[in-house]
Structure formats: C-alpha cells, structure tokens
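S.K.: missing the sequence, but the structure's below:
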C-alpha cells in the first residue's frame, strides 16, 4: 500500500461554484495550494450537475452514500451511480484508496468558514479540533437526524465538510474562495502533523450539536405563509432565545421562537443554515444546535494518527 | 374599453422568488398592497420555470419578446410560446388589455432597490422620474445593447423593470420583499397621479446609460482565469476609475480597469449587475454606465398621462 492519500471533493453540489473554481486553478498551478506534503486527489463530485449548474440531476449526491442505497442494485439514479464510482476509485477499498475525505461546500447562509461533522468518530474530532485551533472555525455536529442521511464523508475512515458562506448559488466570490483555501490548508497541516506524530490539540473543542430543524409556516399545499424574520437573516452561530423573532409575515404578524415545538428546553439554541436556498425543498428554514465545549481527548489524536500513519509515510 | 390596467409580472425568471412570494400574499390578502386605486393584473411570468426553481426552461423569457421571434411560427420554445400567451391575454391588443407592464425581478448583485429601462420612451421616463422622486431609486437605462434584446416590458406601451438585490437565487428575503413592495407601490402612486392629471416630476432625472459589458478573463474553452476582485463585489452604483482593481487571480495577479477595452474615455464609469449569477452564461461579469442628469420634460408627463387617461378613468 502506498501513501495515505486524501480525497478532496468540490462541486458535490453542482451549483456551489467556489471550490471547483479553486480546483481548476490548483490543477493549472499546483504551487498555489500548500498541501503540507500530502498526496491529494482532487475530484469534481458531480460533474453532470456542475455542467448543468444545478445542485443535482436526479437526487442530492450528498444524501446518496447510505450503505443500503449503494448496495441496492435496483437504484440506478445518476447520483447513486456516481457515489459508487467515487468509492470504487477513491474509497478506502478503491483502486486508488484514500483514507480521508474533505468535501468542500458553499452555502447561501452566513455560516462564515465552518466545519460540518456527521458523528463522533475520534479521528474526525481530532481533525476538527486541529482546524479549530488553527483558524477558529465553528463546528456543526450534524448527528441523529433521521431525515438526512447518506453523506459522502461518512464512507471514508475520516473526513468532514468545509462549509463557507454566504454566497449565492452559481456564483464565484473571491472572499469565499480564499476562506475555502484557508480551511483546506489548515486541514492539510493538521493531517500532516498527525501523520508525523506531532499533532497537539487545544484543551477544548467547541461543538454545536444538532437538535432539530424548523420549517416556515406553510399551507397544506406547501405555500409558505411567512418568510424568515429579517432580524434572523445572516445570524448563523448567534444565540436564539425563546421569544426571539423567527418568521415574518407581510401583514406584520409573524412567529417567535417557541422551544416547545421541538421539545427543546428554555436555554438558548444556536441556529445554523439559516435560509439556505437549497433547503427549502427539504422543509428546513434553519437548524438549531446546543453549544458545548468538549475536552479534547488523547485518543482522538491516536485515532487520526493511526489512520494516516498505518498507510505509510505521507 | 374599460379601465387602463397595469400588468404586474413576478417570476419572469423562475428562480427569483421574492416577487412571486409577495404576489401569493397579495392574492390571499389584497388589502396588504396599496394599489392607489389601480386595476392590477398579477401574473406569474414563467410558471414552469417557477415550479422548477430555474431561471428558465428552454430560453430566457425576458429575452423572448423580440417582435421577430414572436412572429416566427417555427419558433416553438416554451418561453416564446409563453410570451405569445401573455401578449394574447394582457398585451395592449389582448383580451384583457393592459397599458403598463411592471416586471418585478431580483438579482444576486447589490443593486439595492432599482429600476431598469430599455429605451427612452417618454412615458417610461415619466414613470421612472416619479418613482425616483418618491423613493430615490437609481435608474439603469439598458439601451443599444445588440447582445441583449427582446425584453418583456418593451411590448407594452409603457413599463419598466424593478430590480432588487442582493439576494441568492431560489431564496426569499424579507428585506428584498419589502423593497420590492415599496417600489411597486411607488409605481402605482405615480401612475395614479398621471391618470388624475396631477403628476409633478422633479427638476431632474438621474440615469445610468449602458456603455458596455465586461467578461471575466477566460481560456478559449471558457474556463475563467479570474474572479471578480473582492474590492469590486457589492459595489454596484459606485464609480469605477481607470486603474481600479477589477478581476482577481489566486496567484495574486489580476486585472485593473482599462477603459480602452470598451473604447471608453478616461472618466469614471458606474458599474451595475456586478457578479450577477445568471449572467455568467451571458459572458457578463459587470456592465458599465455613464451617469447623467437629465431635465425632466413636460412632454414625459403628457405621454404617460395620455396613455393611462385615454383608456378611461383608473
């Protein structure tokens, strides 16, 4: 087995144009990306959707990596086939196996430069803690959400999503590109340190634990009766208290945040993915988190180190 | 012939969601819109594209109203058929004729609340001057652009586009909705004043005259070599001087504004539609204008007044 390799994916959603724009530049001028010595595999996630400048063609590629979908030969949607192709080529058992997957996204929400994890795998927590120590990136731990499964990075031994916004779909923004590159370089630096046995984590990792999602008030036919309240727009990562304005109606009415709707307590919650354009069809106006600070555990570094070291020197 | 009626169109582009969101609210609660006594015909421009949440299905509806396209029976694209349908129903010679067309758009550019005119029809200038006097809206006079023709409002005796941004495609923003409603109510107030013979215009109308458009630097295969410079992003309506940063490359290189590219003089130009997501496919990174102040002419008011008065009382 050769070097531990890192899969970097852009345009998993075809209308998120910043990471693929960067990837094209890195391919043309490799010296523009500081890889920290890592062997990176740069891939366009959904080439057909990228050409069409659409999120997806038949279904969301980043909800198409559930094991049961991949194993079901009757499922032949373009994105499920693409998921199988990516795994056959670059999966942990693939022809050119990669150990870590970094999936570069953008959002219309004001998430800033941020990370999304889909569980509590120790190696992922080490990577996130290393990136948070380097750049201060907030972390959204998107777990225990039965309505959303099958994320790409879950099929690799370690990996996470870099999520940068706000930027409209279909648009390249220099600022968003620079943030994306900074996050990827911080990931490379963290992974190289882990491979060299010199990764030091901070004392704590701040995480935002997914608690649930709220949709706009709608008629039974799906017509929205309200919009997001203007005082909520672009306020991702800022605490939402019971009674705070949440939705807005043209007649001046609206709705305030009532935690009992999600059976949440009366403490503040931290919203993420506020008014993400692609989530309207998923019935999500925003998601709510609990903010916690975890002590970084020595075992996290060991888990990440053993993954990237056992494959040989990076 | 009955009252002079005003056609109000939302979702001429199916992924511009703010005006159709408003329209749904106005239909459910008509009292929420101050029509100034006018008889408004509220229409979704491109219903198929709206359902698909795409700008268009086969071609841009707002480039499909050229007389030669409409007359060519061999042209059967969905949007050309839709243009014919709208004209047959609500055109000046239609079954329910409308005299004025107001076309409500949104943009990813930071245009604020603004107006677009496609020529120098006196009635349009009166309407724009009345709206500018009420709300201070900047005016983009998009004329003499051979690359772009066939705009909807050109087929009605008077009309203009309300263009509000920045907002991502596919997204409803309360702020954008409020601006859109303010512009429409200012239009209604202006038209009602003209119909009643009491429209008073300010001394001058500030206009931004289209001079040309610039594309990103690209490879011959279309791949962009640069992005818009971050110092240019969201700076619509602010003067661009020769030598100002314009495009940005990852390696730190870039391009500055050189007026000779468009054979423009060395004076400042006013950019509009900076980094509009839908214009990438049109090869437009921004358009440049000359700012002028025109004296409002008495004949403008007469032209608008005769249009909306000859059809009977509003």
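M.R.: Noted; the coordinates are in hand. Predicted model, so just to flag it, every value in this text is computed and none were measured.
S.K.: what are the phi and psi values at residue A:188?
M.R.: For residue A:188, the backbone dihedrals (degrees, to the nearest 10) come out as phi -60, psi -40.
S.K.: quick one: the strands in the stretch 1-150 of chain A?
M.R.: Counting by DSSP state E, counting those that start in this stretch, the stretch 1-150 of chain A has strands at residues A:5-10, A:39-44, A:100-106, A:112-117, A:139-141.
S.K.: tell me the mean pLDDT over the fourth one?
M.R.: Same thing as strand A:112-117. For strand A:112-117, the mean per-residue pLDDT is 98.
S.K.: run the chain-centre distance for it.
M.R.: Averaging C-alpha positions (Cα atoms, centre = their mean, to the nearest Å) puts strand A:112-117 6 Å from its chain's average.
S.K.: same thing with stretch A:151-159?
M.R.: Between the mean C-alpha point of stretch A:151-159 and the mean C-alpha point of its chain there is a distance of 11 Å (Cα atoms, centre = their mean).
S.K.: ok, residues contacting that stretch?
M.R.: Contacts of stretch A:151-159 with the rest of the structure, by Cβ atoms under 8 Å, 6 or more residues apart in numbering or on different chains, involve A:7, A:9, A:12, A:45, A:61-63, A:65, A:67, A:83, A:86-87, A:91-92, A:98-103, A:118-119, A:121, A:123-124, A:127, A:142, A:160-161, A:304, A:307. Where C-beta positions appear, they are placed from N, C-alpha and C, glycine not excepted.
S.K.: filter the residues you listed down to the ones in helices?
M.R.: The helices, defined by DSSP state H, take in A:67, A:83, A:86-87, A:123-124, A:127, A:304, A:307 from those.
S.K.: near chain B, which residues of the stretch 101-250 of chain A? Just list them.
M.R.: Counting by Cβ under 8 Å from any Cβ of the partner chain, the positions of the stretch 101-250 of chain A adjacent to chain B are A:108, A:166-175, A:177-178, A:181, A:223-224, A:227-230, A:233, A:248-250.
S.K.: burial count for residue A:105?
M.R.: Look at residue A:105: counted by other Cβ atoms under 10 Å in any protein chain shown, it has 23 neighbours.
S.K.: what about the residue nearest to it when sequence neighbours are not counted, how many residues close to it?
M.R.: Distances taken as Cβ to Cβ, 6 or more residues apart in numbering or on different chains put residue A:163 closest to residue A:105, at 4.9 Å, once the chain neighbours are dropped. Residue A:163 sits with 26 neighbouring residues when counted by other Cβ under 10 Å.
S.K.: thinking residue A:163 is in contact with residue A:108, fair?
M.R.: No - with contacts defined as Cβ atoms under 8 Å, residue A:163 does not count as touching residue A:108, sitting 11.1 Å away.
S.K.: which pLDDT value goes with the residue nearest the centre of chain A?
M.R.: Among the residues of chain A, the one closest to the centroid is residue A:161, at 3.1 Å (Cα atoms, centre = their mean). At residue A:161, the model reports a pLDDT of 98.
S.K.: could I get the contacting residues of residue A:24?
M.R.: Under the criterion of Cβ under 8 Å, 6+ apart, the contact list for residue A:24 reads residue B:223.
S.K.: circling back to that earlier point, in CSV, list the strands of the stretch 1-150 of chain A along with distance to residue A:152.
M.R.: Rendered in CSV, the data for those read as follows (distance: least, Cβ to Cβ, whole Å):
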stretch, distance to residue A:152
strand A:5-10, 7
strand A:39-44, 11
strand A:100-106, 5
strand A:112-117, 11
strand A:139-141, 16
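S.K.: now residue A:130: how far from residue B:304?
M.R.: Noted for residue A:130: a distance of 65 Å to residue B:304, by Cβ to Cβ, to the nearest Å.
S.K.: more neighbours: the two, which one.
M.R.: With neighbours defined as other Cβ under 10 Å, residue A:130 and residue B:304 compare such that residue B:304 has more, 30 against 26.
S.K.: next one: that one, what pLDDT does it get?
M.R.: The predicted local confidence for residue B:304 comes out at a pLDDT of 97.
S.K.: was I right to think it contacts residue B:126?
M.R.: Yes - counting by Cβ under 8 Å, residue B:304 does reach residue B:126; the two are 3.9 Å apart.
S.K.: now do the shared contacts for those two.
M.R.: Taking Cβ under 8 Å, 6+ apart as the contact definition, residue B:304 and residue B:126 share the neighbouring residues B:194, B:199.
S.K.: for ChimeraX, what selects the buried ones among the residues of the stretch 101-250 of chain A next to chain B?
M.R.: The following ChimeraX selection, which keeps only the buried ones among those, applies the criterion 16 or more other Cβ atoms under 10 Å in any protein chain shown:
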select /A:108,166,167,168,169,170,171,172,173,174,177,178,181,224,227,228,229,233,248,249,250
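S.K.: the residue nearest to the centre of chain A contacts residue A:107, doesn't it?
M.R.: No - with contact taken as Cβ under 8 Å, residue A:161 and residue A:107 are classed as non-touching, separated by 10.2 Å.
S.K.: show me the shaky parts of chain A.
M.R.: With pLDDT under 70 as the threshold, chain A has low-confidence stretches at A:1-3, A:310-314.
S.K.: run the chain-centre distance for stretch A:195-212.
M.R.: A distance of 15 Å separates the C-alpha centroid of stretch A:195-212 from that of its chain, computed with Cα atoms, centre = their mean.
S.K.: buried sites along it?
M.R.: Taking 16+ other Cβ under 10 Å as the neighbour-count basis, stretch A:195-212 is seen to contain the buried residues A:195, A:199, A:201, A:205-212.
S.K.: cool, and stretch A:108-119?
M.R.: Neighbour-count burial for stretch A:108-119, with 16+ other Cβ under 10 Å as criterion, is recorded at A:108-118.
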